[in-house]
Structures are given as C-alpha cells and as structure tokens.
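**Student:** The sequence isn't on hand, but the structure is:
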C-alpha cells in the first residue's frame, strides 16, 4: 500500500498543474486544483499508513519483558 500512496501523490500534483494550464475559467480551475490537493492528501495518508507498524504487534511486544 505504501507504494500505491507514493504513486498517487504525483498524480494529484499533475492534476493540479494540468488544471492551471488547461482551464481558463477560474471556477473550474479552482475545483480541479482542490481535487488535486485532495488526491495528494489521500496519497500521503495511504503512504503514511503503509509505513506504520500494526497496533496489535506493538501492544503485544510491549507486554513482554
């Protein structure tokens, strides 16, 4: 999952850049830039969650001396 998140983040970036270049209407441009930022945030969340250790392992390991 962490690699999927790392691939989605640039997709959101390029979506925002493409919106700035292609859309002359400020309303459409703003909507696509916001959607690109949301895609980037989701990619970051997936990448972070992919790098986190599962909680069950962390709690089980802490109980043992």
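**Tutor:** Sure thing, it's come through. Computed from a prediction, not measured in an experiment: that's the story for all the values here.
**Student:** So the nearest residue to residue 44 once chain neighbours are set aside: helix, strand or coil?
**Tutor:** Among residues not flanking residue 44 along the chain, residue 9 sits closest, at 6.1 Å (Cβ to Cβ, 6 or more residues apart in numbering). In this view, the C-beta of every residue, glycine as well, is placed from N, C-alpha and C. For residue 9, the assignment made with DSSP: H, G, I helix; E, B strand; the rest coil gives helix.
**Student:** try residue 24
**Tutor:** coil.
**Student:** Run a quick neighbour tally on it.
**Tutor:** 6 (other Cβ atoms under 10 Å).
**Student:** Please name the residues that touch the residue lying closest to residue 3 once chain neighbours are set aside.
**Tutor:** Among residues not flanking residue 3 along the chain, residue 50 sits closest, at 7.6 Å (Cβ to Cβ, 6+ apart). Contacts were defined as Cβ atoms under 8 Å, 6 or more residues apart in numbering; by that measure residue 50 touches 1-5.
**Student:** List the buried residues for the strand or helix carrying residue 50?
**Tutor:** Element membership of residue 50 [criterion: DSSP states H and E] is helix 26-51. The neighbour-count check on helix 26-51 (16 or more other Cβ atoms under 10 Å) flags 29, 32-33, 36, 39-40, 43, 46-47 as buried.
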